[in-house]
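>>> Test case, fold it:
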Amino acid sequence: SIGVANFTRRHLKEILASCQEPPEVVQTEVHPYFQQPELLEFCRQKNLQVHAFSPLAHGELGLLEDRLLTEIGLKHQRSVPQVVLRWLLQQGITPIA
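Predicted coordinates for the structure are as follows:
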């Protein structure tokens, strides 16, 4: 199987329309601050597995100190990274570092 990285919906539509062997994996940035719902829905519709790089927002943007994520973590006795990784997995997205 093959995969692509950093493709938008437009790029995916183009490659799917013209290739003989379609990609099976799309590697793209996904995290709570960059959710890309349209791209993820397109990938679901086309049965493309999404691999999320930078699932913790590069350790930037204050994600690890996010108030809501911290509250969810405290409620479930989990850290913010655990909450984010679980959120991705529950959507069928594979987090990668």
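>>> and Val50, how many residues sit next to it?
As a burial measure, Val50 scores 20 neighbours (other C-beta atoms under 10 Å). Yep, even glycine has a C-beta here, placed from its N, CA and C like the rest.
>>> actually Glu21, sorry about that
By other C-beta under 10 Å, 7 other residues sit near Glu21.
>>> Distance check, the residue nearest to it when sequence neighbours are not counted against Val26.
Excluding the flanking residues, the one nearest Glu21 by C-beta to C-beta, 6 or more residues apart in numbering is Ile2, at 6.4 Å. Distance, Ile2 to Val26, using C-beta to C-beta, to the nearest Å: 11 Å.
>>> buried sites along the helix or strand containing His11?
Applying DSSP states H and E as the criterion places His11 in helix 9-18. By 16 or more other C-beta atoms under 10 Å, the buried positions in helix 9-18 come out as Leu12.
>>> which strands and helices sit next to that helix?
In this structure, helix 9-18 packs against strand 3-5, helix 37-45, with contacts taken as 3 or more C-beta pairs under 8 Å, 6 or more residues apart in numbering; DSSP states H and E.
>>> Centre of the chain to that helix, how far?
Helix 9-18 sits 19 Å away from the centroid of its parent chain (C-alpha atoms, centre = their mean, to the nearest Å).
>>> Tell me what angle that helix forms with helix 37-45.
Relative orientation of helix 9-18 versus helix 37-45 (axes from the mean of the first three to the mean of the last three C-alpha atoms, to 10 degrees): 20 degrees.
>>> Okay, now the sheet partners of the helix or strand just after helix 9-18, with direction.
Counting by DSSP H and E, the next helix or strand C-terminal to helix 9-18 is strand 25-29. Paired strands of strand 25-29, with direction, are strand 3-5 (parallel), strand 49-53 (parallel) (DSSP bridges).
>>> Most tightly packed of those?
Highest mean neighbour count among the strands paired with strand 25-29 (mean count of other C-beta atoms under 10 Å): strand 49-53, with a mean of 19.
>>> Return that one as PDB; C-alpha atoms alone will do.
Output in PDB follows, covering the C-alpha atoms of strand 49-53 (Å, rounded to 0.1, in the frame of the first residue of the first chain):
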ATOM      1  CA  GLN A  49      -6.800   5.700   7.200                       C
ATOM      2  CA  VAL A  50      -5.600   9.000   8.700                       C
ATOM      3  CA  HIS A  51      -2.300   9.100  10.600                       C
ATOM      4  CA  ALA A  52      -2.100  12.300  12.700                       C
ATOM      5  CA  PHE A  53       1.300  13.800  13.100                       C
END
